[in-house]
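K.L.:
Quick check, what structure comes out for this input:
(one chain, ligands or ions: 1)
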Amino acid sequence: MTKDSYDLIIVGCGMAGAAAGLTALKEDLTVCIIERKKSEFVGRKICGELAPLKMVKWLEKEFSISLDYYSLKGLEICTLSGYVDSTQGVARVRDPLCTIDRWQFGQVMMKELLRRGAEFCHEVVTGPVWRNGVHGVKTHGRSYYGTLTVDCSGVFSALSRGLWQGLGSSSSIGLGYKENVILEEPIPKEYAAIIFDNSIVPSGYFWFFPKGKCELNVGAGGMALHCAPFRKAVNQVLKSYPCFRVKEKNSTGYGALPLGAPLSSMVAPGLLVCGDAAGQANPLTGEGIAPSLNAGHMAVTTAVEAIRRKDVSVAALWKYNYDFMQKFGRIFGSLLPLRDFMVSLSVKELKLLLQNVITDEVLYELEENEPSYTLKTILTTAANAARNPSLLFKLGRAVGRMSILRAIYDRYPKDPRRFPQWRQHAAAWGGL
Ligand SMILES: Cc1cc2nc3c(=O)[nH]c(=O)nc-3n(C[C@H](O)[C@H](O)[C@H](O)COP(=O)(O)OP(=O)(O)OC[C@H]3O[C@@H](n4cnc5c(N)ncnc54)[C@H](O)[C@@H]3O)c2cc1C
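P.N.:
The predicted structure is shown next:
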């Protein structure tokens, strides 16, 4: 028998929903999770299954959850020929990563939620219960009431559609095709790889993420607007390199993910939005698992305070916006020009950059640090290489835009009254 009202209603038991639920239960809130999948299918999702190793360690520390994973040394960015022969130009980010089994991960998280006292309802949410704010959700058969609602329903959000404009336009939705491949012979790869080749995948990339010595999660993805026949592209690549002798394939299929900037505000009265529903994936790499887990945790940390103070207004929930933008928004927002630049390159141009300009250190700095410092590094390196001035000009322009967007996101307002002005400024620079 379900209760009439909860502290927290969570829509969707994916990455964001599970982290939100576990955080709330740790704080003794009452939690109802409404999920459209049957419990045995929770976690089943088309995904590259790559995540930072520190995320697995965080789950262990925070919620005593342990997962099976395959360790990787970091991420390589290369061309197809560079993947097979690294002397052809490869840039590496040496931040430890791992591949997980997404279905097993989802099941472990759900069982932990149930063990800690969450209520799990297998229903499809159709919209919010709205009375000057969100007071819960409607399904086909009934309404569920909560002091706060957390929308974690994924890329085609069940709730935020009617409340926000902007997210969900086809220009910011990405598509990916994925296969789990068992190889006949081991391939000695210690890095996950993202491979750009716009002659096969325009506006996108391939990924090769090892899941074991003879197992790879392989896929191709990109912006939905330029939807290429990804399945054909993956098969073409696997066939053209003798090192991939495929014994068996499983878990194949297409999936969608957000590849734009995150929602500029992820709160409304009585509502917080997390994960893909809020556009919280890295637009360059498509990484969304760790940001979604983090967002679920951050949102509920703010929610706990709001519920205790009996104030679920936008002002009371704003801290979540601010925290997310400080940690992820500033990086994701500013990576948009770099993503557009990378997918615009021909294989020849990319090879030139990877061999001469985009070194491992530059890549790391572009992601983590201040892009304008990186610009200096790039131009100094480029001056030495000096082979293709127009390409270097395009790169310089992309890094310049990154720098401006980073500065805009760094000034994300702490006070919601300053938000309209900030939003206007960010939109004018193409950061939303
Ligand atoms: C092809 C592909 C490859 C990817 N590879 C990677 C990768 O290697 N690494 C990485 O970090 N990220 C990757 N991502 C992104 C990552 O999978 C997502 O960013 C992440 O899963 C988002 O988590 P979430 O909790 O927001 O959404 P989800 O995990 O999608 O969970 C949403 C949940 O809400 C439920 N739901 C939806 N609508 C309703 C409704 N109306 N009522 C009730 N329940 C509902 C769904 O059934 C689902 O369980 C990839 C994505 C795709 C598509």
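
K.L.:
who's residue 75 bridged to?
P.N.:
residue 93, residue 192 (DSSP bridges).

K.L.:
What is the neighbour count of it?
P.N.:
Residues contacting residue 75 under the criterion other Cβ atoms under 10 Å number 23. Backbone N, C-alpha and C define where each C-beta goes, glycine included.

K.L.:
per-residue pLDDT, it?
P.N.:
As predicted, residue 75 sits at a pLDDT of 90.

K.L.:
just residue 330 next, same as before
P.N.:
So residue 330 comes in at 90 (pLDDT).

K.L.:
which residue ranges form the strands in the stretch 101-250 of the chain?
P.N.:
When assigned using DSSP state E, counting those that start in this stretch, the strands of the stretch 101-250 of the chain occupy the ranges 119-122, 125-130, 134-139, 143-151, 173-183, 191-195, 204-212, 215-223, 246-258.

K.L.:
Save the ones you listed as JSON lines, and put in mean neighbour count and distance to the ligand too.
P.N.:
As requested, these are exported to JSON lines (neighbours: other Cβ atoms under 10 Å; distance: least, Cβ to the nearest ligand atom, whole Å):
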{"stretch": "strand 119-122", "mean neighbour count": "16", "distance to the ligand": "9"}
{"stretch": "strand 125-130", "mean neighbour count": "18", "distance to the ligand": "4"}
{"stretch": "strand 134-139", "mean neighbour count": "22", "distance to the ligand": "8"}
{"stretch": "strand 143-151", "mean neighbour count": "24", "distance to the ligand": "9"}
{"stretch": "strand 173-183", "mean neighbour count": "21", "distance to the ligand": "3"}
{"stretch": "strand 191-195", "mean neighbour count": "23", "distance to the ligand": "8"}
{"stretch": "strand 204-212", "mean neighbour count": "23", "distance to the ligand": "6"}
{"stretch": "strand 215-223", "mean neighbour count": "24", "distance to the ligand": "5"}
{"stretch": "strand 246-258", "mean neighbour count": "16", "distance to the ligand": "3"}
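
K.L.:
okay if I get these as a markdown table plus distance to residue 299 and mean pLDDT?
P.N.:
Formatted as a markdown table, the strands of the stretch 101-250 of the chain follow (distance: least, Cβ to Cβ, whole Å; pLDDT from 0 to 100):
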| stretch | distance to residue 299 | mean pLDDT |
| --- | --- | --- |
| strand 119-122 | 19 | 97 |
| strand 125-130 | 16 | 94 |
| strand 134-139 | 14 | 95 |
| strand 143-151 | 6 | 97 |
| strand 173-183 | 22 | 92 |
| strand 191-195 | 28 | 91 |
| strand 204-212 | 28 | 91 |
| strand 215-223 | 27 | 89 |
| strand 246-258 | 17 | 90 |
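
K.L.:
Which one, of those strands, ends up nearest to residue 103?
P.N.:
Residue 103 sits nearest to strand 246-258 of all these, at 8.3 Å, using Cβ to Cβ.

K.L.:
What residues does the stretch 201-350 of the chain have near the ligand?
P.N.:
219, 221, 255-257, 275-277, 281, 286-290, 292 (Cβ under 6 Å from any ligand atom).

K.L.:
how about 8 Å then?
P.N.:
Proximity of the stretch 201-350 of the chain to the ligand (Cβ under 8 Å from any ligand atom) is limited to residues 207, 209, 217, 219, 221, 254-258, 274-278, 280-282, 285-292, 295-296.

K.L.:
Next: the stretch 51-200 of the chain.
P.N.:
51, 99, 102, 106, 123-126, 139, 152-158, 174-178.

K.L.:
show me where pLDDT drops low in the stretch 1-150 of the chain?
P.N.:
Low-confidence segments of the stretch 1-150 of the chain (pLDDT under 70): 1-2, 86-89.

K.L.:
how does it look with 80?
P.N.:
Scanning the stretch 1-150 of the chain for pLDDT under 80 picks out 1-4, 81-82, 84-91.

K.L.:
any idea how far residue 242 is from the ligand?
P.N.:
According to Cβ to the nearest ligand atom, to the nearest Å, residue 242 stands 26 Å off from the ligand.

K.L.:
again with residue 423
P.N.:
In terms of Cβ to the nearest ligand atom, residue 423 sits 23 Å off from the ligand.

K.L.:
Specify the local secondary structure of that residue.
P.N.:
Using DSSP: H, G, I helix; E, B strand; the rest coil, the structure places residue 423 in helix.

K.L.:
Just list the residues touching residue 285, thanks.
P.N.:
Contact analysis of residue 285 by Cβ atoms under 8 Å, 6 or more residues apart in numbering lists 75, 194.

K.L.:
Helix, strand, or coil at it?
P.N.:
coil.

K.L.:
list the helices and strands the longest helix along the chain packs on?
P.N.:
What stands out as the longest helix in the chain, according to DSSP state H, is helix 389-410. Judged by 3 or more Cβ pairs under 8 Å, 6 or more residues apart in numbering; DSSP states H and E, helix 389-410 is in contact with helix 330-344, helix 347-356, helix 371-385, helix 419-428.

K.L.:
Confidence-wise, which of these is weakest overall?
P.N.:
helix 371-385 - the lowest mean pLDDT of the helices and strands packed on helix 389-410, at a mean of 55.

K.L.:
Okay, domains of this protein per the record?
P.N.:
Taking automatic domain parsing as the reference, the chain has its domains at 5-49+101-167+263-312, 171-258, 331-428.

K.L.:
what's the most buried one of those?
P.N.:
domain 5-49+101-167+263-312 (a mean of 22; mean count of other Cβ atoms under 10 Å).

K.L.:
end-to-end on that one?
P.N.:
16 Å (Cα to Cα, to the nearest Å).

K.L.:
same question, stretch 300-320
P.N.:
End to end - Cα to Cα - stretch 300-320 spans 8 Å.

K.L.:
For the nearest residue in space to residue 5 that is not next to it in sequence, list the residues it contacts.
P.N.:
Spatial nearest neighbour of residue 5, chain neighbours left out: residue 145 (4.3 Å); criterion: Cβ to Cβ, 6 or more residues apart in numbering. Counting by Cβ under 8 Å, 6+ apart, residue 145 makes contact with 4, 5, 6, 9, 129, 135, 136.
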